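# Curious how this folds, go ahead:
(one chain, ligands or ions: 2)
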Amino acid sequence: MIVAHGALVRIIGDIKTIGLSPCWDTVCRVRGIEWGQHKLVDSTTVRPAGKAMNISRALAWMGRRHTAAGLWGGEDIRQAERALRALRQWVRLALTEAPGATRRNVTVVDTLNRREMHLRNVSELATGASLKRLGMHLRTMVRRADACVFAGMMPDQLLAADVDRVIQTCRAKGAAVAVDTSGPALQRIVDGGGLWLIKPNVAELCELVGQDLADRAAPLAKAAAGLLENVEVVLVTRGAGGAVLVTRDGVWQGRVVGRRKAAYTVGCGDYFLAGFLDAVAAGKTPAEALAPALAAGTARAWSLAETTTWQQAYQAIATRITPISGR
Ligand SMILES: Nc1ncnc2c1ncn2[C@@H]1O[C@H](COP(=O)(O)OP(=O)(O)OP(=O)(O)O)[C@@H](O)[C@H]1O
Ligand SMILES: [Mg+2]
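Ligands and ions are numbered 1, 2, ... in the order given. Alright, predicted model coming up:
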């Protein structure tokens, strides 16, 4: 796998998704429900999730072999391995066991009234000890020029130094580090520098730069360009509005052609990032990887990721990419 890296080209050995706050997602579908009612659900699905695992699932859909790493609760790790067995052709599992159970999140989908409810628990897997263990695990498995993708909620700020050490371990191994998180953790990690990629949405970028930015390409690109000393590639996603890519080599905006009502608004960023990583791993430049990233995010929004192959979805979704300025 080859990464265009400024003027340089670098070989990427493997993509490793790394989740520090994973979860089980339970999704119950029911035709109409109100507070206080008892109803039989039409279907319930339970699966290993969290942003890093969602990126893994998207990469598997694209046929990209890679490694899923990060923390998982020792009490339910065998259950997770069983649940992920269907993906084993593409996903090499290298999870680090942490004491306790992985949190369980619940989504209730009311299919009659087309509305959803998301119940979230706090993840308690990250501790000084479990992060140390993860760091040691990564030290043995990360290879030079791997892409290490830290995605999802970061542990409490009290564990900041432990998290930073884990990221530093990957960097010290010569990996390209990508981060998709938010809030003070994103701020701190970006301030630490030496990153390959971040993927904030507009709200996350506003928080990161401390400005109330208009959702237009020019101000987003200008704000993102201010981060290039610390990050090589900044991908700002704008929901249905597409995305802006800012690198040291140039700035591009992209969006899909045509609109449809979105079936999903959560998880699109994970598919977008997977689309970008898959294309870069296949030897595309960041600018060339923008179109597949947009197509993958949109495939999730339009629920094509469940019903078609990645090749079919990519062919069916037209994108328009425009350079904003050369640098
Ligand atoms: N309603 C939509 N219609 C078409 N494409 C969409 C829509 N929402 C998102 N996308 C696609 O997915 C990409 C990422 O979406 P978004 O900006 O919502 O990410 P996000 O806020 O990080 O999402 P999450 O963190 O929930 O995964 C967009 O750049 C776009 O390509
Ligand atoms: Mg996101």
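
# give the contact list for G269.
Contacts here follow Cβ atoms under 8 Å, 6 or more residues apart in numbering; on that basis G269 touches 51, 180, 199, 201, 237, 297. (Glycine included, C-beta is placed from N, CA and C.)

# quick check, S21 in a helix?
No - per DSSP: H, G, I helix; E, B strand; the rest coil, S21 lies outside any helix segment and is coil.

# Verify the stated contact: it with G152.
Yes - if you go by Cβ atoms under 8 Å, S21 and G152 touch, sitting 5.3 Å apart.

# and for those two, which residues touch both?
G50.

# tally of neighbours for the closest residue to A223 other than its chain neighbours?
The shortest distance from A223 to any non-neighbouring residue, by Cβ to Cβ, 6 or more residues apart in numbering, is to V209 (4.7 Å). Look at V209: counted by other Cβ atoms under 10 Å, it has 18 neighbours.

# Could you check how far V209 is from Q253?
Going from V209 to Q253 by Cβ to Cβ, to the nearest Å gives 18 Å.

# and if you look at R133?
Relative to Q253, R133 is positioned 42 Å away (Cβ to Cβ).

# Look at the two and report which has more neighbours.
Applying other Cβ under 10 Å to R133 and Q253 shows that Q253 carries more neighbours, namely 23 against 16.

# and the contacts of G269 near ligand 1, which?
When contact is defined as Cβ under 6 Å from any ligand atom, these meet ligand 1 at 201, 237, 297.

# Tell me which entries of the residues you listed lie within strands.
T237 (DSSP state E).

# want to throw the ones next to ligand 1 among the contacts of G269 into JSON lines with distance to I15?
Listed next are the ones next to ligand 1 among the contacts of G269 as JSON lines, based on distance: Cβ to Cβ, whole Å:
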{"residue": "N201", "distance to I15": "21"}
{"residue": "T237", "distance to I15": "19"}
{"residue": "G297", "distance to I15": "17"}
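
# Which one (most neighbours) among the ones next to ligand 1 among the contacts of G269?
Counting by other Cβ under 10 Å, top hit in the ones next to ligand 1 among the contacts of G269: G297 with 29 neighbours.

# mind listing what it touches?
G297 sits next to 237, 243, 268-269, 271-272, 275 when contact means Cβ under 8 Å, 6+ apart.

# for T26, helix, strand, or coil?
T26 is classified as strand under three-state DSSP.

# For ChimeraX, write the selection for the buried entries among the contacts of G297.
Selecting only the buried entries of the contacts of G297 in ChimeraX, with 16 or more other Cβ atoms under 10 Å as the criterion:
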select :237,243,268,269,271,272,275
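
# Tell me the one of the contacts of G297 nearest ligand 1?
G269 (2.3 Å; Cβ to the nearest ligand atom).

# thought A299 was touching Y271?
Yes - assessed by Cβ under 8 Å, A299 is found in contact with Y271 at 6.4 Å.

# quick one: common contacting residues for these two?
A305.

# gap between E34 and T26?
Separation of E34 from T26 (Cβ to Cβ) stands at 20 Å.

# quick one, which of those two is more surrounded?
A count of neighbours by other Cβ under 10 Å puts T26 above the other of E34 and T26, at 16 against 8.

# wait, that one sits on S43?
No - counting by Cβ under 8 Å, T26 sits too far from S43 to count as a contact (11.2 Å).

# Can you tell me the element the most centrally placed residue in the chain falls in?
Nearest to the mean C-alpha position of the chain, by Cα atoms, centre = their mean, lies D270 at 3.7 Å. Here D270 sits within helix 268-281, counting by DSSP states H and E.

# now L95
strand 91-98.

# ok, and what's touching that strand?
Under Cβ under 8 Å, 6+ apart, the answer for strand 91-98 is 16, 56, 59-60, 65-74, 77, 80-81, 84, 125-127, 130, 133-134, 137, 141.
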